[in-house]
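Novice: Curious how this folds, go ahead:
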Amino acid sequence: MASIISASTTSGTALNMSADTTGVLQFATGATPTTALTIDTSQRAAFVAGTAALPAITTTGDTNTGMWFPAADTIAFSEGGTESMRINSSGNLLVNTTSNYFGRISVAFSPLTHTGITFKQSIDTNIPTPLYFLNAAETAVGSVVTSATTTIYNTSSDYRLKDNITPMTGALNTITQLKPVTYTWKTDGSDGQGFIAHELQEVVPDCVTGEKDAVETYTDEEGNEQTRIKPQGIDTSFLVATLTAAIQELKAIVDAQAIRIETLEAK
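Specialist: Residues are numbered from 1 along each chain as shown. Okay, the predicted model is just below:
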């Protein structure tokens, strides 16, 4: 038989539980009672797991939007009955996806209708830093800074962070070992030009991250473990110093030849 709890008054208590230090307070609904909310003796509230369509924690008038718990150690958020974000058992934040891709934050979006992540500065003064990167010792190693018109990608280069600073030599020989190529991308067949990562790594290792032929495992949206390539990456900005030194070496050769030609012509 169902119980009725009165609304009480502004000074009264509609529901009170006392003199019970071992039990819990449960709220059940339905003809066959299902516990929707439990309050234990440590004053913790426990909700049913819920679903994307019917979140465990929601609001009146919009019952398909709220928070629910799809798995152990996982918190999910729904909007309009569809999951929009979750924090999984590994502490990764997943937005519009249930798969963790490569990082602690994974965002899935349609490039036809959305932008993945947007940073907006409130005023166009100074040079704000939307992204700042620190190493384990909390020393700055890079940043992305913006102005009213430009975006600048920085890697730390302060002289106070460096030892054994010496002029670069042999840059022209290094450049002759590079293998620039043209290619087409497997994804969409579009044309590209540049370098093959592992080939560049053999000549200028600072330009390349990752290992040749590396793979990794991941869990897809159906919960199945899969394997995929872990591609190497290239930052060609690290070639600038080598290219600059090579141009200087080449200029020195040209200048020496010019002096020799002038000397020969003067005879």
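
Novice: Every contact and neighbour count from this point should use C-alpha atoms.
Specialist: Fine.

Novice: so what's Val181 bridging to?
Specialist: Gly194 (DSSP bridges).

Novice: so how far is Val208 from it?
Specialist: 16 Å (C-alpha to C-alpha, to the nearest Å).

Novice: out of these two, which sits in the busier spot?
Specialist: Using other C-alpha atoms under 10 Å, the more surrounded residue of Val181 and Val208 is Val208, with 20 against 10.

Novice: Let me know how buried the closest residue in space to the more buried one that isn't next to it in sequence is, in neighbour terms.
Specialist: Spatial nearest neighbour of Val208, chain neighbours left out: Ile234 (4.6 Å); criterion: C-alpha to C-alpha, 6 or more residues apart in numbering. Residues near Ile234, counting by other C-alpha under 10 Å, number 19.

Novice: Same check on Thr58?
Specialist: 16.

Novice: List of residues touching the helix or strand where it lies?
Specialist: For Thr58, the host element (DSSP states H and E) is strand 57-59. With contact meaning C-alpha atoms under 8 Å, 6 or more residues apart in numbering, strand 57-59 is reached by 47, 64-68.

Novice: Between its first and last residues, how far does stretch 63-78 reach?
Specialist: 10 Å.

Novice: Need the contact partners of that stretch.
Specialist: Applying C-alpha under 8 Å, 6+ apart, the contact partners of stretch 63-78 are 49-59, 79-89.

Novice: Make a PyMOL selection of the buried ones in those.
Specialist: With 16 or more other C-alpha atoms under 10 Å as the burial test, the buried ones among the contacts of stretch 63-78 are selected in PyMOL as follows:
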select buried, resi 49+50+51+52+53+54+55+56+57+58+79+81+82+83+84+85+86+87+88
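
Novice: buried ones in the helix or strand that contains Leu243?
Specialist: Here Leu243 sits within helix 240-266, counting by DSSP H and E. Going by neighbour count (16+ other C-alpha under 10 Å), the buried part of helix 240-266 is 242, 245-246, 249.

Novice: Please state the offset of that helix from the chain centre?
Specialist: How far helix 240-266 lies from its chain's middle: 46 Å, per C-alpha atoms, centre = their mean, to the nearest Å.

Novice: And for stretch 172-179?
Specialist: The answer for stretch 172-179 is 34 Å, by C-alpha atoms, centre = their mean.

Novice: now do stretch 154-172
Specialist: 29 Å.

Novice: Just confirm Ile152 is within a strand.
Specialist: Yes - the assignment for Ile152 is a strand, going by DSSP: H, G, I helix; E, B strand; the rest coil.

Novice: contacting residues around it?
Specialist: 144-146.

Novice: 6 Å instead?
Specialist: By C-alpha atoms under 6 Å, 6 or more residues apart in numbering, the contact set of Ile152 is 144-145.

Novice: do Leu37 as well
Specialist: Per C-alpha under 6 Å, 6+ apart, neighbours of Leu37: 26-27, 46-47.

Novice: hmm, back to that, following the strand holding Thr58 in sequence, what is the next regular element?
Specialist: Assigned by DSSP H and E, the successor of strand 57-59 is strand 62-68.

Novice: number of nearby residues for Cys207?
Specialist: Neighbour tally, Cys207, other C-alpha under 10 Å: 17.

Novice: Does it touch Gln232 like I think?
Specialist: No - Cys207 sits out of contact with Gln232 when judged by C-alpha atoms under 6 Å, with a separation of 10.5 Å.

Novice: Let's check: the centremost residue of this structure is which one?
Specialist: Nearest to the mean C-alpha position of the chain, by C-alpha atoms, centre = their mean, lies Ile105 at 4.3 Å.

Novice: That one contacts Val95, correct?
Specialist: No - using C-alpha under 6 Å, Ile105 is not in contact with Val95; the gap is 7.8 Å.
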